[in-house]
Structures are given as C-alpha cells and as structure tokens.
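In: Let's see this in three dimensions:
(2 chains, ligands or ions: 3)
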Amino acid sequence: MNLTLKVWRQKNKYDKGGFVIYPMEGVSHEMSFPEMFDVLNERLIAKGEEPIAFDHDCREGICGMCSMFINGRAHGPQKGTTTCQLHMRHFKDGDTIVVEPWRAKGFPVIKDLVIDRSAFDRIMSAGGFISANTGSAQDANNIPIPKKNADEAFDAASCIGCGACVASCKNSSAMLFVAAKVSQLALLPQGQVERRDRAINMVKQMDGEGFGNCTNTGSCEADCPKQISILHIARLNREYLMANILE
Amino acid sequence: MIKLNSKTPDGPLETKWTVYRSTVPLVSPSNKRNLEIIVIGSGLAGASASASLAELGYKVKCFCFQDSARRAHSIAAQGGINAAKNYRNDGDSIYRLFYDTIKGGDYRAREGNVYRLAEVSANIIDQCVAQGVPFAREYGGLLDTRSFGGTQVERTFYARGQTGQQLLLGAYSAMMRQVGTGQLIMFTRHEILDIVLIDGNVRGIIARDLVTGQLERHFGHAVILASGGYGNVFYLSTNAMGCNVTAIWKAHRKGAFFGNPCYTQIHPTCIPVSGDHQSKLTLMSEGLRNDGRIWVPKIKDETRKPNEIREDERDYYLERRYPAFGNLVPRDIASRAAKERCDAGCGVGTSKRAVFLDFRDSIKRLGRNVVEAKYGNLFEMYEKITGENPYQVPMRIYPAAHYTMGGLWVDYELSTTIPGLYCIGEANFSDHGANRLGASALMQGLADGYFVIPYTIGNYLSKEIRTKPISTDHEEFSKAEKNVRENISRLMSVKGKHSVDHFHKKLGKIMWDKCGMGRNEKGLAEAISEIKNLRDEFWKDVRIPGEAGDFNPELEKAGRVADFLELGELICRDALQRKESCGGHFREEFQTGEGEAKRDDQNFAYVAAWEFKNGNGWEMHKEELKFEVAHPTQRSYK
Ligand SMILES: Cc1cc2nc3c(=O)[nH]c(=O)nc-3n(C[C@H](O)[C@H](O)[C@H](O)COP(=O)(O)OP(=O)(O)OC[C@H]3O[C@@H](n4cnc5c(N)ncnc54)[C@H](O)[C@@H]3O)c2cc1C
Ligand code: SF4
Ligand code: FES
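Out: Numbering: from 1, shown residues only, chains lettered A, B, ... in the order given. Ligands and ions are numbered 1, 2, ... in the order given. Below you'll find the model as predicted:
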C-alpha cells in the first residue's frame, strides 16, 4: 500500500523543529511500524539525506524504548500495543500518518523522535526499590504472599517505563508510572518498611522533574501499552496521604 | 603455546567454592572506598554486579547504550530461571542441576564453574524475592515452578511470560538505590569503544556519548564487561537491535582471548521471516512445546490449509524420531529436525521455511480457558505479529539465532586473560558448554553478578589498594582515544554507496547459510573468503550520513557491523577447526547413521581460546577439559 507520512524533524534540543512530508510507497501489511521507518530511512540514505532518528531496541514490546506519537495517540491506534508491535495491517492504502515525539516538559527532545526520559530513572532512584543488600535475604518461601496480591503486584510491575502515559496526558503527568511502582511494592510484604518514605520521595522527585498534576482524565490508561489500571493511581494517592498524615 | 590456567581450586567439587570464598583475600571497607570499578552493561549480569559492588562500598560506574539501564536485552527473557531449590520435593539437587547443565552442554563446559553456578542458584531466588520480584505463586502463597527445556524436575521459577523483565527490574531498582546514594554513577546512551591498558593491566575505557558524539575517558582499577551476546552477527536473531560484540571485541583485539566463538544457539520456536523488511525475529517461548505439537505435512509442497490435513497425513516428526522426549527435546535437536523437514520440501507457509506448532489437541483436552491462562500473552503476541489466531490455526514457527555460548575466555574467577578485566553474563564463554539449557542464562547472569564477581574481584583488588587513581591525561588514554577517533573518521570518510544494513544483511546471510544450524568444511571455507571480501567492500563502500559529533544511529551501527565482520570470520574458523558435532555446533561430516550429532571426546574435549594477532589472523590455544565427576556419555533423547 501507499501512505503519506508527516514526520516531526528536529535537529537537536535547541532547534525549533517542524513536520516534513514523506510519500511512502510499497508498504507491506506485515511490516511493523519501525520496520516501515527502516525502509524509509534506507531510502533517505540512498538519496543522501539524513535518516530519521527514533528510539527502539527489543522490538518485542518489552524494553520500553520505542516511543512514537502516532495520529494523536501515544504508540498509535491499537490498544495495549507498543509502537514496535503495531503492524501496518492496521492502516489503509492512501492513509496519511502523523508521527511526533512524546511531548512533555519532563521529556526534552534530543533529535527528531528521540526524547530524554532520564527523569524516570531519577524518580526510581528517589525511592522505587526495596533496600535489600545482596546476600542478606532469607529463604524465599519464608515470605508467603497470597496469590491475589502477588498477581496484582505483577500487574503493576509490568510497566515498561516507556512514558506513553506522560505523552498522552494533557497535563504531562507521570502519575501512572509512579503509581505502578508504588503500588507494586505497597502490595508486597517486603515493601512495607519503606512504604511511606517511598511514596513521599517518589512524588517529590516527580514534581521536581516538571511533570504535571493528575486530573483523572484517564488518557494514560487508554494509551498505556501494558494497560496499567488507573486504580493504581488511587492507591498511590492513598499511600501518599497516609504517609503525610503519619509523618 | 600459552598454557591457559583455569585457576579452578583443588579439592572435591562440592567444596571448591566454599573453600575459595573462605580463603580469598579481602579488601577492607576503608580501602574499598578508594577503589573504582567500571561495569559495561546493565543487563542482569551488569546490573546485579554494579548494585552488589556499590553496596560493598566500591565506587562504581556503569555504562549502557540504551536510554535507561532498565532496557538491557535481559528484559526480553520470557520463560524463567532455574534454581536447585527442590521446593517440589521431586528429587532436584545442586548435583542434578550441575549434571543436567554439563550434559545439556554436551560435555564442553568446565565442571568447577558449573557446580558453583548450581550451588548459588538458590540464593538468587531468595535475593530476587527480597527485592520484590513478583514470581508466580500458588494459592498457598508459596512460589510456583514448572519444568522447562527437557528436564525431568520442575525447577524453573517464572513471572508470567516476563521473567527477564521482572528480574531485571529487581536488579535495576537495586542499582537505582545505589545511584541515589551516590555510590554508583550510571552513564546511559554511552557506548564503549575501547579499553585502556597501562603496563599490561586494564585501567579504563574510552566511551562515546551517543547524544553529543563526544569521546570520554574513564579510569577504573578494574573493568567488568557485561555487554551480552553476539547473536546479531546473524543479522536476524531474537536479540534486540542494538545487541553487539563491540565491547568484548575491542577487548579481544587488545589481548583478551575469545572462547568457543562457534558455539551459537539456534532457538527452535520463533516466528518465521515474513519479508525483506524483516528486522528481527521474535521468540515464542519454549514453554509452548509443553502443550503444542510440532508437525509438517507428510507430502511435499502441500497446498491445503492445515486444518484440512487429516491426522494420518501429518508427520509429527519429533514424536516420531524421539519417542522418549517427543516435542520436548533440547533446542539444538528440535532446530535441526525442523531444518531437516524443510530441506526435504515439507515446510509450510509461503516461504516453505516453517513448521506447525499446533494447540488443537491441547485445546480439546484442557479447554480453551486453560490454554489461555497458560499462554494467553504469547498467543496475543503471535496474533499481533502475524495477524493469525493460534486458537484456530496452528502457529507457524522456525528456528532463529538466539544465544551465544561462546564469548571471552574467563577463568574460575571470571577474569579474562588481561589482568583486571573481567567478563560476566552472556558475554563470557563459561558455563553452558556447546549448548545452553532453557532458563539457565538468567541464572548465570545473576549468579555471576550477585554472588561470584563480588568475591573474585576482591582477589585482584586486594593487590591494588596502593594504586592511586591514574589521571586520564596519561598517554595511554590519549593513544586509545586517538585510535578510536581515527577509526570513526575512517568510517565517516568512506562515503560509499550502501547503507550499513546492506552489509549487515549480507553478513547475516552468509553466517546463517554456512555457519548456522548445519556446517561443513566446504561451506565454512567459502564463508571465510566471502566474509573477507564483504569486509573489504564495507570499508570501501559504506555510507554513513550525518556527523560524528552528533547523535548518529547510523554511525553506531557501522561501528558494530565493522566488528561483526571480523567476528564472523573467527566464528567460521572456530567451526572449521572443530571437526566434531557437539551441542549447537553441527558439522554435517560428523553425524551418526540416524543424523544425530557425533562428538569426539578423544580429540575435542577442549575449549578453543583464540588470541588475536594484530594483522595476522588468530592463534588458537587449548584449555583441556577434565571430567572428574560427570563422565561424558553420548546424549540420547530417544
Ligand atoms: C527473546 C529472548 C528470550 C530469552 N529467554 C530466556 C529465558 O527464559 N531464560 C533464560 O535463562 N534466558 C533467556 N534468554 C537469554 C538471556 O535473556 C540472556 O542471555 C541474558 O539476559 C543476557 O544478560 P546479560 O546481562 O549478559 O546481557 P544483556 O541483558 O544483553 O545486557 C547487555 C548490556 O550491555 C550493554 N552494552 C552492550 N554493548 C555495549 C557497548 N559497546 N557499550 C556500552 N554498553 C554496552 C547494553 O546496553 C546492556 O545494558 C533469552 C534471550 C532472548 C533474546
Ligand atoms: S504506566 Fe504504561 S504508559 Fe506509563 S510508562 Fe508504564 S507502561 Fe508506559
Ligand atoms: S522497541 Fe522495545 S518496546 Fe518497542
């Protein structure tokens, strides 16, 4: 099929950037979205132009590196799917597809579609862990955990740290990302000791990074490729409130 | 010839590690503070090592090329992690895990290392649970396990189909905690382009900041390479796009020996190639073989739809050839059997390079709900990629390059042949011999990082406490940086006609056709000369757009492919000299009448350790393998 791509090009973080239109012929239904970009880039290189920079690595929907804002949706139109797992059979011949980077104050653009997500790492280092030095652990089966809690913790833990939640939110809030981690660890007995500090410190860092507030519009959940539920945000709010009261 | 010393401690297998640990020299806390360690890679091996060493009080710097440590390719591991916990009471033990690993590796691994791996495996599970890793649990709240990859005990711990992700996030969170304390500095979007040697010891690295394109110098009293496997030498593989050999290759060029490069693993169950645009291949977890049955049509060039092919017209070739293990035979055997059927013209799908993995019978037997609960996420992934619903039509699968057992040669302490330079995780050659068992790579990465390197590196560092940090203005740093800079300019100035991928695809095709699932003398000799020609062509005709001093993914790829073009030749040379079949290395000249691999323990029970001879090819050294406990027998899964 033949498509028209309208792609954001930006030389570096100081450049203003703008859209460039690329006619894209001979796209196969079986290609993934980044594979279509590979083909486009090959053509650009052949013509002596600079290829479009975009982030990707595993191409299996798990590393969280790919990050394209496609036709107004983070990771595009397919529910529960990362950019790399989106296949071209979901588009029609003649479609125009608009592709932009994640846009948020907390995620400055590095080049074209590549952004800087290091804020997420800093939020993690503020409290997204259980302090358990190597070698200090007791036997794993000494801590039985009800299956229901373990499963719920797992749902939260499946966050891939891609930042789509931020990109899709009109406030650029990182609440879903932070909630997923706080919730995972709050649900587990091992996470209890640092529970209060974790909520306070992670939220503080999140605010410091310039992410906005949550106004419960739910667009994060809709675009999250791992379908992390906004119920975790409710849990984060509770954790945060309790932590402040008990402080 | 240099005599390679594995430094395996004396004494009975069961006590080697305990005795080593209790007698190895220590570094006092006040000295640890002054010692700096560089870790390359933040996968399971690198992340666990960085966190553990920082916790001990060393000053650690860790590097990865992705935008966050959490994205290393360990994240993609699906199936699980082995540990000899014997929670099932089904007869598992350290000895059994050790024995299965040695046998699975076709008697080409070192006993001492493998025993230690089995020994520390149980601690890994404890450590990960303490970090909050949400492993699968039973209703009573205790940990669940399953059997994996042709073992007779259920020793595989898992977290749905995302075990690697959960383990890595555990290690990553431990790292981030140390970043918070300032004990660990993380450098993301950095690529290591050389190591720096001073008076024979490693003293640092040259890295390129991938965002700015600037070169950086970093000093370390010791350097640990944890940069993963080199499966991408095949271009199409289950590895991530960025996986590469560059870090260990640069070390190899500076004197670190490369062990068993030809031991590469082809995974039997991957989604087949769909066209020229294909950029990678996706693994469908091996666990699927517990309930799926593999078959092809009995006749050649079958055109009917799978569901129209009657039972008696189907060839369940694994069940036919290996009645005892059936669909659960080890990876190397399953892969070769699929190739054999496709070569015979019985392959399916448009390319005819695929076989069916069919769940019809399990759905009938267990019900769709049970199958969905077990494999739902994999079925969904399959459907996303292929557009076909595996509940209704059988999956199409084909083998793909997946894992590399070979890597830098290391001794018992995980030290390379360069003093101060260590290598852990998939990047080293150590524990899997000629074939890795399922769920054992995660175990090895974490064993190396959490429980082995923190002890063994102390032996070296205890002698370094008087070494003051060396200024990166030292002439060896300048020299190394100059070389890297010149190499980059050389690449940029070719200004040829073809993109990097063009060469990478060609290399992949040579490797896959001539040094993949089946290898023979003629093909390997051809491959070597084709790779040399391709390398010359690359340096004359590659086109890299953009600037060196800028964010430039094409330049990154070019550097990696340049190294793959050298590695490819070495892999073929190694495959050529190993005139036997073992594990993933199948030399067509050496097989039994029934087409099974034929090992030659008389002549080939050694590790091939290759020394790079600048400009003059390689010299092979041998480390003889001695089996004192697990005596080699022919592997049989019939
Ligand atoms: C799809 C898939 C599924 C798998 N499933 C399983 C399973 O179920 N069970 C199992 O046991 N094993 C499995 N494996 C194998 C296992 O995942 C890997 O062997 C293991 O995770 C490798 O870990 P590592 O830490 O050695 O390397 P990696 O996780 O690959 O990490 C490499 C690190 O090195 C960095 N790096 C590399 N080169 C450079 C450079 N030049 N400069 C700077 N940094 C660099 C990277 O950024 C990264 O941080 C699977 C593998 C794949 C591909
Ligand atoms: S919560 Fe969802 S959208 Fe946000 S970072 Fe995690 S996986 Fe991505
Ligand atoms: S590239 Fe890894 S999630 Fe898309």
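In: quick one, helices of chain A?
Out: Using DSSP state H, the helices of chain A run over A:33-46, A:118-127, A:147-157, A:164-168, A:175-186, A:195-208, A:219-223, A:231-246.
In: Dump those into JSON lines; add mean neighbour count as well.
Out: C-beta coordinates here come from the backbone N, C-alpha and C atoms, glycine included. As requested, the helices of chain A are exported to JSON lines (neighbours: other C-beta atoms under 10 Å in any protein chain shown):
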{"stretch": "helix A:33-46", "mean neighbour count": "20"}
{"stretch": "helix A:118-127", "mean neighbour count": "23"}
{"stretch": "helix A:147-157", "mean neighbour count": "19"}
{"stretch": "helix A:164-168", "mean neighbour count": "28"}
{"stretch": "helix A:175-186", "mean neighbour count": "28"}
{"stretch": "helix A:195-208", "mean neighbour count": "19"}
{"stretch": "helix A:219-223", "mean neighbour count": "20"}
{"stretch": "helix A:231-246", "mean neighbour count": "17"}
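In: Nearest to ligand 3 among those helices would be which one?
Out: For ligand 3, the closest of the helices of chain A is helix A:33-46, at 7.0 Å, according to C-beta to the nearest ligand atom.
In: Going by contacts, tell me the helices and strands next to the closest one.
Out: Packed against helix A:33-46, as judged by 3 or more C-beta pairs under 8 Å, 6 or more residues apart in numbering or on different chains; DSSP states H and E, are the following elements: strand A:18-24.
In: and A:Leu44, what is it in contact with?
Out: By C-beta atoms under 8 Å, 6 or more residues apart in numbering or on different chains, A:Leu44 lies in contact with A:Glu50, A:Pro51, A:Ile52, B:Pro545.
In: With mean pLDDT and distance to ligand 2 as added columns, please give the helices of chain A in CSV.
Out: Shown next, in CSV, are those (pLDDT from 0 to 100; distance: least, C-beta to the nearest ligand atom, whole Å):
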stretch, mean pLDDT, distance to ligand 2
helix A:33-46, 97, 16
helix A:118-127, 98, 7
helix A:147-157, 95, 9
helix A:164-168, 98, 3
helix A:175-186, 98, 4
helix A:195-208, 97, 12
helix A:219-223, 97, 6
helix A:231-246, 95, 8
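In: Out of these, which is closest to B:Ser493?
Out: Across these, B:Ser493 has its closest neighbour in helix A:33-46 (16.3 Å, C-beta to C-beta).
In: is ligand 3 contacted by that closest one?
Out: No: Helix A:33-46 lies out of reach of ligand 3 by C-beta under 6 Å from any ligand atom, never closer than 7.0 Å.
In: now the angle from that helix to strand A:18-24?
Out: Angle of helix A:33-46 versus strand A:18-24, following axes from the mean of the first three to the mean of the last three C-alpha atoms, to 10 degrees, is 90 degrees.
In: Report the backbone C-alpha coordinates of helix A:33-46 in PDB.
Out: What follows is helix A:33-46, C-alpha atoms only, in PDB (Å, rounded to 0.1, in the frame of the first residue of the first chain):
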ATOM      1  CA  PHE A  33       5.800   0.400  12.300                       C
ATOM      2  CA  PRO A  34       9.600   0.700  13.000                       C
ATOM      3  CA  GLU A  35      10.300  -1.600  10.100                       C
ATOM      4  CA  MET A  36       8.400   0.800   7.900                       C
ATOM      5  CA  PHE A  37      10.800   3.500   9.200                       C
ATOM      6  CA  ASP A  38      13.800   1.300   8.500                       C
ATOM      7  CA  VAL A  39      12.700   1.100   4.900                       C
ATOM      8  CA  LEU A  40      12.100   4.900   4.700                       C
ATOM      9  CA  ASN A  41      15.500   5.500   6.300                       C
ATOM     10  CA  GLU A  42      17.200   3.200   3.800                       C
ATOM     11  CA  ARG A  43      15.600   5.300   1.000                       C
ATOM     12  CA  LEU A  44      16.700   8.500   2.600                       C
ATOM     13  CA  ILE A  45      20.200   7.300   3.000                       C
ATOM     14  CA  ALA A  46      20.200   6.200  -0.700                       C
END
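In: now it: how far from the chain's centre is it?
Out: On the basis of C-alpha atoms, centre = their mean, to the nearest Å, helix A:33-46 sits 24 Å off its chain's mean C-alpha point.
In: per-residue confidence for B:Met1?
Out: B:Met1 is assigned 59 on the pLDDT scale.
In: picking that back up, to B:Ser499, which of the helices of chain A lies closest?
Out: Among those, the nearest to B:Ser499 by C-beta to C-beta is helix A:33-46 (4.7 Å).
In: follow-up on the earlier one: and of the helices of chain A, who's closest to B:Arg96?
Out: B:Arg96 lies closest to helix A:147-157 among these, at 27.5 Å (C-beta to C-beta).
In: quick one: the helices in the stretch 501-638 of chain B?
Out: Secondary structure of the stretch 501-638 of chain B (DSSP state H, counting those that start in this stretch): helices at B:521-541, B:553-577, B:601-604.
In: okay if I get those as JSON lines plus distance to ligand 1?
Out: Below are the helices of the stretch 501-638 of chain B laid out as JSON lines (distance: least, C-beta to the nearest ligand atom, whole Å):
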{"stretch": "helix B:521-541", "distance to ligand 1": "19"}
{"stretch": "helix B:553-577", "distance to ligand 1": "8"}
{"stretch": "helix B:601-604", "distance to ligand 1": "25"}
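In: for those, which one ends up most surrounded?
Out: Of all these, helix B:553-577 has the most neighbours on average by mean count of other C-beta atoms under 10 Å in any protein chain shown, namely a mean of 22.
In: where does chain B dip in pLDDT?
Out: For chain B, applying pLDDT under 70 flags the ranges B:1, B:150.
In: Quick check: can you list the domain ranges of it?
Out: Domains of chain B are assigned by automatic domain parsing as B:268-401, B:481-602.
In: Include distance to chain A when you put those into JSON lines, please.
Out: Shown next, in JSON lines, are those (distance: least, C-beta to the nearest C-beta, whole Å):
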{"stretch": "domain B:268-401", "distance to chain A": "4"}
{"stretch": "domain B:481-602", "distance to chain A": "5"}
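In: Need those in TSV (columns: distance to B:Thr456).
Out: Formatted as TSV, those follow (distance: least, C-beta to C-beta, whole Å):
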stretch	distance to B:Thr456
domain B:268-401	30
domain B:481-602	26
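In: Give me the subset of the contacts of A:Leu44 that also touch ligand 2.
Out: Subset of the contacts of A:Leu44 in contact with ligand 2: empty, counting by C-beta under 6 Å from any ligand atom.
In: contacting residues around the residue nearest to B:Ala136 when sequence neighbours are not counted?
Out: In space, and not counting its chain neighbours, B:Ala136 is closest to B:Asp144: 4.3 Å by C-beta to C-beta, 6 or more residues apart in numbering or on different chains. Residues near B:Asp144 by C-beta under 8 Å, 6+ apart: B:Phe135, B:Ala136, B:Arg137, B:Glu138, B:Phe157, B:Tyr158.
In: right, and the fifth one touches B:Thr163 too?
Out: Yes: taking C-beta atoms under 8 Å as the contact criterion, B:Phe157 and B:Thr163 are neighbours in contact, 7.5 Å apart.
In: and for these two, which residues touch both?
Out: B:Gly80, B:Ile81.
In: Does A:Asn149 touch A:Leu185 like I think?
Out: No: when contacts are counted by C-beta under 8 Å, A:Asn149 is not listed as touching A:Leu185 (11.6 Å).
In: Among the contacts of B:Asp144, name the buried ones.
Out: Taking 16 or more other C-beta atoms under 10 Å in any protein chain shown as the criterion, what is buried in the contacts of B:Asp144 is B:Phe135, B:Ala136, B:Arg137, B:Phe157, B:Tyr158.
In: now the strands: where do they sit in the stretch 251-400 of chain B?
Out: Under the criterion DSSP state E, counting those that start in this stretch, the stretch 251-400 of chain B carries strands at the ranges B:258-259, B:264-270, B:293-297, B:314-315, B:355-358, B:395-404.
In: Dump those into TSV; add distance to ligand 3 as well.
Out: Shown next, in TSV, are those (distance: least, C-beta to the nearest ligand atom, whole Å):
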stretch	distance to ligand 3
strand B:258-259	29
strand B:264-270	17
strand B:293-297	28
strand B:314-315	36
strand B:355-358	24
strand B:395-404	17
